[in-house]
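**Q** Quick one, structure for this:
(2 chains, ligands or ions: 1)
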Amino acid sequence: MTPVVTVSGAAYPWGAKNIDTDVIIPAHWLKTISRTGLGKGAFETVRAVPGNIFDDPRYAGSPILIAGDNFGCGSSREHAAWALADMGVRAVIAPSFSDIFSGNAVKNGIVPVVLPQEAIDRLIAAAHDHPVTVDLESMTVTTPFQDRFVFEMDPFRRRCLMEGLDEIGLTLARDAEIAAFEGRIGVARPWTRPAGSVVAGTSVI
Amino acid sequence: MASKPQTLYEKIWDAHVVERREDGTCLIYIDRHLVHEVTSPQAFEGLRAAGRPVRRPELTLAVPDHNLPTTPRVDTAGRLLPIADPESAAQLDALRRNTAEFGVDYIDATAAEQGIVHVVGPELGFTLPGTTLVCGDSHTSAHGALGALAFGIGTSEVEHVLATQTLLLQPSRTMEVRVEGTLGFGVSAKDVILAIIGRIGAAGGTGHVIEYTGDAIRALSAEGRLTIANMSIEGGARAGLIAPDDTTFAYLKGRRMAPVGEEWDRAVAWWRSLSTDAGARYDKSVRIDATDIAPALTWGTSPEDVVPITGSVPDPASFADPAKQAAARKSLDYMGLTPGTRMQDVPVQHVFIGSCTNSRIEDLRAAASIANGRHVADGVRALVVPGSGLVKRQAEEEGLDRIFAQAGFEWREPGCSMCLAMNPDKVPPGERCASTSNRNFVGRQGPGARTHLVSPAMAAAAAVTGRLADVRELMA
Ligand code: SF4
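**A** Alright, predicted model coming up:
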């Protein structure tokens, strides 16, 4: 994963609430077996309306999206994060995110920034004509007008983003601990090993 | 020193900590992993690219569901029928190849056990109390009905689980939703969860794991509980839990992958300890009186847009929050509804009985009891899609398929079907569907489709009356 420290540039001054992952990327785009190319389908239903924010030449291609409460709710599809990344979004600023979406965002180098609604309102006003900067070093969002909003983030997530860490590689390094745990539950809770197996094609309708 | 009272969530969490970091993040062991064709191809691809094997293949079970057409899969001579959509076919094929390559158990589209992941897991006894269970699918919350800590994950996490059998997680906050009292006539588990989401809101449970408690929850069957926990995610909670009890054990005993003999007895002994201790603290608590819950449905495009069937389309101006007013106006515009219209006067063109929320045998029985001796109204297309091949077979043994067929409902092969627009079962633009699924999002059942979430009995009532109807008026 590419490390990300600062995201700076135009921002979609959107602010819409409860944007679910079906809106970010509709289901018929999920039939891909690859992670790339989903930007074409991002916000398809929103983009079907003439004059929408994503096709507005002032914002098209912006690296930052400003949204409302509960961004990314609904399905667990990581395709939502892939679609945003593919359309060039590297940071989303919102008052709250769905738990699954913010996890998926981080794993794809997209910074989920949580700020209170007042800050969002101010940033939307500023972003109409001016760039916004998200900085993970100082944990701030700033504008050219002296606006400076401090946000918080789980330290591990922050590190993963800033260092572009491979989480699986990190966990595999804990192999001894995982094996020890498996040894313990094998004795304490032997039933957690499935009793039977359902094998492909055993019974045909 | 007596140990500190714990919630059910904390007990399961603690039993799965491989390693605790200073910042509170834990490496959590995952006991069970379900996989379907949509969210797994990139995960297997990631393993392949990094040259990593699946750590414990026997703890993962794969089954196709989202993309499969619900028309017959083999012809009368038993030959496999091709899938018309090339992209769906490629994704289904990728699941078959990936599971074979990595040694993961795979239930084929033609197997009797095939079905929706969240129906298959519990009915095979793959889902067990006190386990951690994940799947690349947000409705994994369903399995919490049996006392498993179960939640949806993204594809990168699917890859992480395949490679390490663990996930790196921050503990969630806890929220108790207590439903006390006795449910009224004609009120089902679906109405209970719609009422809960209507109350807490679509983001009410964000950052929390919900535990459903109270005598109204205890009185529900395992299947009713699965309906409730399934929709936890629609209230923003990643997981929903119900403490395992005799109802849970009776449901699981003898299921194909459940423990047997002495292991079963030891398991039950531990499972009995998995309830929230007296004096344990939840971060949030909500109390709902069961007698306040009526057969319910949604009017808008968020699962929190709930009204009783006796109610009317709300006036956006009636909401205090200006943002909610704007959202309601947009929803009503999309839904083609006018404020003040009685919900019961709204005609439907489609009825969908199915999805991981409501496609188990009890759901089909409830719908069949309304369909029996009646007929689908003119101009309505009604689909009944069993949640799995095993549900389908049982329903056929009970004669439910004939009741539905005589009443003019279509009886289909198992799969996600009209719950989401990824397979041929779609609601056409501008048309209205009474659906037993869990999401009424814009475009969820097809571009421009208008969805009203209802219980199976209410869906059957809509089918036979041609409008959103109060099921109580059709019940004997
Ligand atoms: S039935 Fe619907 S909600 Fe359930 S797994 Fe399938 S698509 Fe998801």
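**Q** make it CA atoms for all contacts and neighbour counts henceforth
**A** Noted.
**Q** who touches the residue in the stretch 151-300 of chain B that the ligand sits nearest to in this structure?
**A** Closest to the ligand within the stretch 151-300 of chain B is residue B:230: 8.4 Å, counting by CA to the nearest ligand atom. Residues near residue B:230 by CA atoms under 8 Å, 6 or more residues apart in numbering or on different chains: B:139, B:140, B:141, B:142, B:143, B:145, B:240, B:356, B:357.
**Q** Residue B:131 too?
**A** Each residue near residue B:131 by CA under 8 Å, 6+ apart is listed here: A:192, B:12, B:30, B:31, B:32, B:147, B:148, B:149.
**Q** so how many other residues sit close to residue B:476?
**A** A count of neighbours around residue B:476, defined by other CA atoms under 10 Å in any protein chain shown, yields 6.
**Q** what's the answer for residue B:323, then?
**A** Around residue B:323 there are 13 residues (other CA under 10 Å).
**Q** okay, stretch B:449-468 in CSV with CA atoms only?
**A** Extracted in CSV, the C-alpha atoms of stretch B:449-468 (Å, rounded to 0.1, in the frame of the first residue of the first chain):
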residue,chain,number,x,y,z
ALA,B,449,-36.9,0.3,-7.8
ARG,B,450,-39.1,1.3,-4.8
THR,B,451,-38.8,-1.0,-1.8
HIS,B,452,-41.0,-1.4,1.3
LEU,B,453,-39.5,-3.7,3.9
VAL,B,454,-42.1,-6.0,5.6
SER,B,455,-42.4,-9.3,7.3
PRO,B,456,-43.1,-12.5,5.3
ALA,B,457,-46.8,-12.6,6.4
MET,B,458,-47.2,-8.9,5.5
ALA,B,459,-45.5,-9.6,2.1
ALA,B,460,-48.0,-12.4,1.4
ALA,B,461,-50.8,-10.0,2.4
ALA,B,462,-49.6,-7.4,0.0
ALA,B,463,-49.4,-10.1,-2.8
VAL,B,464,-53.0,-11.2,-2.4
THR,B,465,-54.5,-7.7,-1.9
GLY,B,466,-52.3,-5.9,-4.4
ARG,B,467,-51.5,-3.2,-1.9
LEU,B,468,-49.6,-2.7,1.4
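**Q** next one: it to chain centre, how far?
**A** The chain centre lies 18 Å from the centre of stretch B:449-468; the measure is CA atoms, centre = their mean, to the nearest Å.
**Q** same thing with stretch B:392-404?
**A** Its chain's C-alpha centre lies 22 Å from the corresponding centre of stretch B:392-404 when counted by CA atoms, centre = their mean.
**Q** when you scan it, is anything in it near chain A?
**A** No: Stretch B:392-404 is not in contact with chain A by CA under 8 Å from any CA of the partner chain; minimum separation 9.4 Å.
**Q** May I see the buried residues of that stretch?
**A** Buried positions in stretch B:392-404, judged by neighbour count with 16 or more other CA atoms under 10 Å in any protein chain shown: B:392, B:393, B:394, B:395, B:400, B:401, B:402, B:403, B:404.
**Q** I figured the fourth one hits residue B:401, correct?
**A** Yes: with contact defined as CA atoms under 8 Å, residue B:395 counts as touching residue B:401 (6.5 Å).
**Q** all helices of chain A, in order?
**A** Secondary structure of chain A (DSSP state H): helices located at A:21-24, A:44-47, A:79-86, A:99-107, A:117-127, A:155-163, A:167-172, A:175-188.
**Q** Could you say which of those is packed most deeply?
**A** Counting by mean count of other CA atoms under 10 Å in any protein chain shown, helix A:79-86 has the highest mean neighbour count of the helices of chain A, with a mean of 26.
**Q** tell me the angle of that one relative to helix A:99-107?
**A** Interaxial angle, helix A:79-86 versus helix A:99-107 (axes from the mean of the first three to the mean of the last three CA atoms, to 10 degrees): 40 degrees.
**Q** other SSEs contacting helix A:79-86?
**A** The contact analysis (3 or more CA pairs under 8 Å, 6 or more residues apart in numbering or on different chains; DSSP states H and E) places helix A:79-86 against helix A:21-24, helix A:99-107.
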